[in-house]
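In: Quick check, what structure comes out for this input:
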Amino acid sequence: MNELRTVIRHYKVRGAGGEETAESSVCSRMTPSQSNASVINDNNKKCVAFIHLTRHSYTLHKTTQAGNFNWPMIIYIGLAHAAAAIGLVRVFTEPWTQSFKYTLLWAFILWPITGLGITAGVHRLWSHRSYKATFVLRVWLMLANSIANQGSIWHWARDHRVHHKHSETDADPHNATRGFFFAHMGWLFIKKHKAIVEAGKKLNFDDLAVDPVVIFQKNLDPWFALFMCFVFPGLVGMLWGDSFWNGYWVAGALRYILVLHFTWCVNSAAHLFGDHPYDPASWPAENPLVSLVAIGEGWHNWHHKYPFDYAASEFGIDKQFNPTKLFIDTCCLLGLASERKRGTGAWHKLRISREAEIYGGGKVETKGETEGDAASEESKKAM
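Out: Predicted coordinates:
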């Protein structure tokens, strides 16, 4: 515990922006028995989970002193959670008529629909260009993304590209080294670090600028997304005789906040908890629970190793829960998508090299190649 206190003092002195080399020099001397806490220590490069809370506490204190809160976003997210609470109350107090049951089903269906607007749309298509989509599919994904209401495709993709290029640094919008809460949602409550702004200016977004679907949504942001997220579900609920407000509060607000937290878990839980089989030195991890709620986005160690991979996982749906991969594969069969990129070729070579190091040299036979490789267009070229 004395070692743990040393680490805590270290963070209080250096603050949330402490250099990684200084962190590693102290954390490498710690063991699970010494800390008596959950440890993420791939090759002794991760620290005790308790430190995340300490760093967040210090960061919040420093931010308060600096007057750096993003009050419009704090108010908006607070009101959105209040609206979700109203929806939750309605679920338990409203008579479960046939029409209300349909509204509940509608809310449940919107979970994967809006999820695909994020995962297959703004993430794997527009942020990473891991496959190509026809105009019709891009319009559908844009509409689904608007119902998800997590920011325009333009701004989401911009921040996400910065996140991958500068993961777990000051230039990372949701830097996980600053703690679970910051990575989950706290990053939205404060103004962006100047390093994030500067990093964003250096990236190229010409591919987004020439996509009329992206620009259409960007020009109508945020009003179109607010309408699609809250009002549209209420209007649809009226088709089967339910009240507009049931659809607004339940299929709109409650569903919105749940899916929002599912997405946020990718930035927080999938960067702090799980296995690191593909890149032990990085923070992103393989997290099955996050994949369950975020429809396949939790295989995050693979994704950060091969961000250009359309599947964002090594294996297919039969071995790793990944509905988004199945959706893109289906779209390809229907002629709505094409040119899927995969990272399995690069991983196969790296895996042989690593196993040769572990087992003393010589070519090592590997099994379990990714399902569907034959149907996928291989590409080793990253974005």
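In: Surely Leu104 is in contact with Val250?
Out: Yes. Applying Cβ atoms under 8 Å, one finds Leu104 in contact with Val250, separated by 6.8 Å. Yep, even glycine has a C-beta here, placed from its N, CA and C like the rest.
In: of those two, who's got more company?
Out: Val250 (27 against 20; other Cβ atoms under 10 Å).
In: was I right about the more buried one contacting Phe92?
Out: No. In this structure, Val250 is not within contact of Phe92 by Cβ under 8 Å, at 10.9 Å.
In: picking up where we left off before, next, show the common contact partners of Leu104 and Val250.
Out: Shared contacts of Leu104 and Val250 (Cβ atoms under 8 Å, 6 or more residues apart in numbering): Val91.
In: Do a quick rundown of the strands in the stretch 201-350 of the chain.
Out: Taking DSSP state E, counting those that start in this stretch as the test, the strands found in the stretch 201-350 of the chain are 337-338.
In: residue ranges of the helices in it, please?
Out: For the stretch 201-350 of the chain, applying DSSP state H, counting those that start in this stretch gives helices covering 206-209, 212-219, 223-226, 232-237, 244-246, 255-267, 269-272, 288-293, 300-305, 323-333, 344-359.
In: Looking at the first one now, give me its mean pLDDT.
Out: When you say that, I think you mean helix 206-209. Across helix 206-209, pLDDT averages out at 97.
In: would CSV of the helices of the stretch 201-350 of the chain with distance to Phe108 be doable?
Out: Putting the helices of the stretch 201-350 of the chain into CSV (distance: least, Cβ to Cβ, whole Å) gives the following:
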stretch, distance to Phe108
helix 206-209, 32
helix 212-219, 25
helix 223-226, 21
helix 232-237, 12
helix 244-246, 14
helix 255-267, 8
helix 269-272, 22
helix 288-293, 13
helix 300-305, 25
helix 323-333, 14
helix 344-359, 33
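In: ok, back up a step: name the residues contacting each of Val250 and Phe92.
Out: When contacts are counted by Cβ under 8 Å, 6+ apart, Val250 and Phe92 have no shared neighbour.
In: Domains of the chain: list them as residue ranges, please.
Out: Following automatic domain parsing, one finds the domains of the chain at 2-66, 71-338.
In: end-to-end on the last one?
Out: Between the start and the finish of domain 71-338 there is a gap of 42 Å, counting by Cα to Cα, to the nearest Å.
In: Highest mean neighbour count out of the domains of the chain?
Out: A comparison of these by mean neighbour count, using mean count of other Cβ atoms under 10 Å, puts domain 71-338 on top with a mean of 19.
In: residues touching the residue nearest to the spatial centre of the chain, list them.
Out: Residue closest to the mean C-alpha point of the chain, counted by Cα atoms, centre = their mean, is Val266 at 3.7 Å. By Cβ under 8 Å, 6+ apart, the residues touching Val266 are 290, 294, 297-298, 300.
In: Grab the two from those that are most spread out in space.
Out: Ala294 and His300 (9.7 Å; Cβ to Cβ).
In: For the contacts of Val266, give me TSV that also has distance to Lys132 and pLDDT.
Out: Converted to TSV, the contacts of Val266 look like this (distance: Cβ to Cβ, whole Å; pLDDT from 0 to 100):
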residue	distance to Lys132	pLDDT
Val290	27	98
Ala294	23	98
Glu297	20	98
Gly298	25	98
His300	24	98
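In: ok, so of these, who is nearest Ile109?
Out: Of the contacts of Val266, the one sitting nearest to Ile109 (Cβ to Cβ) turns out to be Ala294, at 16.6 Å.
In: Tell me which residues are up against the particular helix or strand that has Gly78 in it.
Out: Applying DSSP states H and E as the criterion places Gly78 in helix 71-93. For helix 71-93, contacts defined as Cβ under 8 Å, 6+ apart pick out 104, 185, 188-189, 230, 246, 249-250, 252-258, 260.
In: Sounds good, over and out.
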